[in-house]
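Trainee: 3D, please:
(2 chains)
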Number of protein chains: 2
Amino acid sequence: MSTLHQTKLVHNFNSGPSVLPKEVFEQASNAILDFNNTGLSILEIGHRTSLFEAVLNEAISTLKELMKLDDEHEVLFLHGGASTQFFQVPMNLLDDNETAAYLDCGTWGTKAIKEAKLFGNVDMVASSKDRNYTYIPKGYAIPSTSKYFHYTTNNTIEGTQMHAIPETNVPLIADMSSDILSTTLDFNRFSLIYAGAQKNIGAAGVNIVVVKKDILGKVSRKLPSMMDYRSHIENGSMLNTPPVFAVYVCMLTLRWLKQLGGITEIEKLNDIKSKLLYDTLDSLPIFRPKVDKEDRSKMNVVFVIDNPELEKLFLAECKENGMVGIKGHRTVGGFRASLYNALPLESVQALTELMKDFAHKH
Amino acid sequence: MSTLHQTKLVHNFNSGPSVLPKEVFEQASNAILDFNNTGLSILEIGHRTSLFEAVLNEAISTLKELMKLDDEHEVLFLHGGASTQFFQVPMNLLDDNETAAYLDCGTWGTKAIKEAKLFGNVDMVASSKDRNYTYIPKGYAIPSTSKYFHYTTNNTIEGTQMHAIPETNVPLIADMSSDILSTTLDFNRFSLIYAGAQKNIGAAGVNIVVVKKDILGKVSRKLPSMMDYRSHIENGSMLNTPPVFAVYVCMLTLRWLKQLGGITEIEKLNDIKSKLLYDTLDSLPIFRPKVDKEDRSKMNVVFVIDNPELEKLFLAECKENGMVGIKGHRTVGGFRASLYNALPLESVQALTELMKDFAHKH
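Mentor: Residues are numbered from 1 along each chain as shown, chains lettered A, B, ... in the order given. Prediction:
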């Protein structure tokens, strides 16, 4: 079956769900037929068995190790995606009469703000909406009375990325869905980090939450058990039946990253991949990157061709050459190449060669 | 790899996650390496592609067909398990000053009641707690002023099952997690049905909600987008990234059930399986079923041996004979054999033979 997979060479630039390591696909495929020689599929094992406990424990401990988290930070694997966190965060942390600071630098930040307003006051400290979110706002102040400061580290749709952690004395909360584990960061500076798994951590269907315990238990509203981070901490992410297979795929992907040398090693590869693509874009006038140079994302490279006919043609050539997921988000247009951790350098090389060839012809 | 799976014969009596059809495991395993000859894994395809749309549409239409749902009922595939529905139901349907009627006939019903109390008043119309939930309460009245009536159709832990739909003029809401699609029911009589997939529908990590549109939009509280059934209906279960693989496994399992002849056919097999096991239990005095005869579950057969030493011995013999998941829930003790749709008759035959042999020896 592996052979089948090899016969058709595909370069997967999907923005998420997205490419995962080949080894992960192979191991996951085998585990569906026979998990660890138990004669059982990973899909039919009980979640309260030592079989699954080992999977969950390895996923948690590997994530802690990769992120170098201290003991004040808990790692949770929860149902729902980042969109669930948009409301679960303020529901747990923001009382009706309190104010949280939010940065509006893209589609996901805007959605997070909308949900937060259901639970308390939102102070939008800055926005890059004026230029269609093609840059990261700078020079704004975060009031020290804010309950917390929330931002999106990487804007999957618009192709911008925050390259430094904002300085503030209030608890930091970040949606890291599309760049978690891709670049070294002092993760301990955050009070809460969340990320849908389907970009750098695994497949769709599970959400990673890293939370510092000291921020919990301070709101006056009563929380449904499934929404209360404390219930999940107490129950070790097993308050109810977890998404077993999705957690398993995370564990395999995290194990792969650890064996590769962790975040510092993958960051080197990510730098090479994104530099190659941006350098190519900058050298070929036919292509135009859409965002400010200093705010470019290393995960999602967004660009256009200022000629609709040529755009169509380039898209067709990408397709002919086995490149998928290269079309830009419908709200932005043009192209987007997502260069997540598991995307091989060869895929970026294939794309840049095609771009040079295309620029040469037109 | 198929061969590997065959070499170790396992009878999987897990209560959930639980056994799925062998064909589903094989197809899912292949799709992780190469989904529909795309050269892509099912884990790396975009959810807003025609590839995944076809999967989701087939899952929805097959479920509608199997349940014979009318056009007033919408089918949703949502994140989270039934535990999320415990609070999402009252959050969407019950205002602070309103009262909903709940039946307390087991662990899950009790949990649903706890969550509902966060949103409005709960009128617990009856409970079988007095005898440790070993029967289904009868003869209770459901006030016609109740906003809705909620009950659990099958009690996975205690091993009881409601064999008829309660008569009432208020909207009916049921948690069918552990017996959905196992027995013919007029599903159109319900205003809302929910079920975690990991028993009769698929793998853990997705939740099925069937909802009649006319009950929505009547509460005064503002709902987070991800909690509002209407947002999910409007977006066809694609409000955010769905749990792609979990939905795919549902689709495969639903397709299998349809090819088998649907609910009426699987019900015949379920009747044969449960009758064989209960008849065997009734014929062997060493084993004692725990629940009232008329309320016995056809999905989860709960029984004890009134001798702790023999219980241990029987459990060991089950293990030796490749039977997994036979140990009773920690709160109930003894044994539990779950006989979900995908459990082959041969597994029940193997268990009853072992029981007869064990009774003969002791």
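Trainee: For residue A:314, see how far away the closest residue to residue A:215 other than its chain neighbours is.
Mentor: Take residue A:215 and drop its neighbours on the chain: the residue closest to it by CB to CB, 6 or more residues apart in numbering or on different chains is residue A:191, 4.8 Å away. To be clear about C-beta, it is placed using only N, CA and C from the backbone, and glycine gets the same treatment. As for residue A:191, its distance to residue A:314 is 43 Å (criterion: CB to CB, to the nearest Å).
Trainee: try residue A:194
Mentor: When residue A:194 is compared with residue A:314 (using CB to CB), they lie 35 Å apart.
Trainee: next one: residue A:88
Mentor: For residue A:88, the distance to residue A:314 (CB to CB) stands at 40 Å.
Trainee: Have a look at those two and say which one is more surrounded.
Mentor: More neighbours surround residue A:88 than the other of residue A:88 and residue A:314, with 28 against 22 (other CB atoms under 10 Å in any protein chain shown).
Trainee: How about the contacts made by the more buried one?
Mentor: Counting by CB atoms under 8 Å, 6 or more residues apart in numbering or on different chains, residue A:88 makes contact with A:80, A:227, A:229.
Trainee: for residue A:230, same thing?
Mentor: A:216, A:217.
Trainee: Regarding residue A:221, which helix or strand does it belong to?
Mentor: Residue A:221 is part of no helix or strand when elements are defined by DSSP states H and E.
Trainee: ok, now how distant is it from residue A:227?
Mentor: When CB to CB is the yardstick, residue A:221 and residue A:227 sit 10 Å from each other.
Trainee: what touches both of the two?
Mentor: Counting by CB under 8 Å, 6+ apart, the residues touching both residue A:221 and residue A:227 are residue A:91.
Trainee: More neighbours: these two, which one.
Mentor: Under the criterion of other CB under 10 Å, the comparison of residue A:221 against residue A:227 puts residue A:227 first, with 24 against 11.
Trainee: Go ahead and confirm the more buried one touches residue A:92.
Mentor: Yes. Checked against CB atoms under 8 Å, the pair residue A:227 and residue A:92 is within contact range at 7.2 Å.
Trainee: related to what we said a few turns ago, how deep is the residue nearest to residue A:215 tucked in, by neighbour count?
Mentor: Considering only other CB under 10 Å, residue A:191 is surrounded by 22 other residues.
Trainee: Can you tell me the SS state at it?
Mentor: The assignment at residue A:191 comes out as strand when based on DSSP: H, G, I helix; E, B strand; the rest coil.
Trainee: shaky segments in chain A?
Mentor: Screening chain A residue by residue with the criterion pLDDT under 70, one finds the ranges A:1-8.
Trainee: Quick one: classify the closest residue to residue A:225 other than its chain neighbours as helix, strand or coil.
Mentor: If you skip the residues right next to it in sequence, residue A:225 has residue A:231 as its closest partner in space, 4.9 Å away by CB to CB, 6+ apart. The three-state label for residue A:231, taken from three-state DSSP, comes out as helix.
Trainee: Check residue A:318 too.
Mentor: For residue A:318, the secondary-structure state derived from three-state DSSP is helix.
Trainee: List the contacts of it.
Mentor: Neighbouring residues of residue A:318 by CB under 8 Å, 6+ apart: A:326, A:351, A:354.
Trainee: State the distance from it to residue A:328.
Mentor: 12 Å.
Trainee: ok, now residue A:68?
Mentor: Plainly put, residue A:68 is 35 Å away from residue A:328 if you go by CB to CB.
Trainee: Compare those two (neighbour count), which wins?
Mentor: Counting neighbours by other CB under 10 Å for residue A:68 and for residue A:328 shows that residue A:328 has the greater number, 22 against 14.
Trainee: From what I see, that one and residue A:334 are in contact.
Mentor: Yes. Proximity of residue A:328 to residue A:334 meets the contact threshold set by CB under 8 Å, at 4.2 Å.
Trainee: what residues are shared contacts of the two?
Mentor: For the pair residue A:328 and residue A:334, residues contacting each of them under the criterion CB under 8 Å, 6+ apart are A:302, A:304.
Trainee: would you list every one of the strands in chain A?
Mentor: A:11-12, A:73-78, A:99-104, A:121-127, A:149-152, A:154-155, A:160-161, A:172-175, A:190-196, A:207-212, A:287-289, A:300-305, A:323-324, A:335-338 (DSSP state E).
Trainee: Which one of the ones you listed lies nearest to residue B:174?
Mentor: Set against residue B:174 and scored by CB to CB, those come closest in strand A:73-78, at 25.5 Å.
Trainee: name the helices or strands packed onto the closest one?
Mentor: If contacts are counted by 3 or more CB pairs under 8 Å, 6 or more residues apart in numbering or on different chains; DSSP states H and E, strand A:73-78 sits against helix A:50-67, strand A:207-212, helix A:229-234.
Trainee: okay, the angle between it and helix A:50-67?
Mentor: Strand A:73-78 and helix A:50-67 are oriented at 130 degrees to each other (axes from the mean of the first three to the mean of the last three CA atoms, to 10 degrees).
Trainee: Now do strand A:73-78 and strand A:190-196, the angle between them.
Mentor: Relative orientation of strand A:73-78 with respect to strand A:190-196: 20 degrees, computed using the same axes, to 10 degrees.
Trainee: Helices of the stretch 201-350 of chain A, start to end?
Mentor: In the stretch 201-350 of chain A, helices defined by DSSP state H, counting those that start in this stretch lie at A:229-234, A:244-260, A:263-283, A:308-320, A:345-361, listed in chain order.
Trainee: First residue to last residue on stretch A:319-333, what's the distance there?
Mentor: Across its full length, stretch A:319-333 reaches 17 Å end to end, with CA to CA, to the nearest Å as the criterion.
Trainee: mind listing what's buried in that stretch?
Mentor: Burial within stretch A:319-333, assessed by neighbour count using 16 or more other CB atoms under 10 Å in any protein chain shown, is assigned to A:321, A:323, A:324, A:325, A:326, A:327, A:328, A:329, A:332.
Trainee: tell me which of those residues is nearest to residue B:214?
Mentor: residue A:329 (35.4 Å).
Trainee: For the closest residue in space to that closest one that isn't next to it in sequence, give its distance to chain B.
Mentor: Beyond its immediate neighbours in the sequence, the residue positioned closest to residue A:329 (CB to CB, 6+ apart) is residue A:157, lying 4.5 Å away. Plainly put, residue A:157 is 12 Å away from chain B if you go by CB to the nearest CB, to the nearest Å.
Trainee: who touches residue A:262 in this structure?
Mentor: The contact partners of residue A:262, taken as CB under 8 Å, 6+ apart, are A:65, A:66.
Trainee: follow-up on the earlier one: and the strands of chain A, which is most packed in?
Mentor: Per residue and on average, the most neighbours among the strands of chain A fall to strand A:154-155, with a mean of 28 (mean count of other CB atoms under 10 Å in any protein chain shown).
Trainee: ok, residues contacting that one?
Mentor: Here strand A:154-155 makes contact (CB under 8 Å, 6+ apart) with A:105-109, A:133, A:160-162, A:176-179, A:297, A:299-300.
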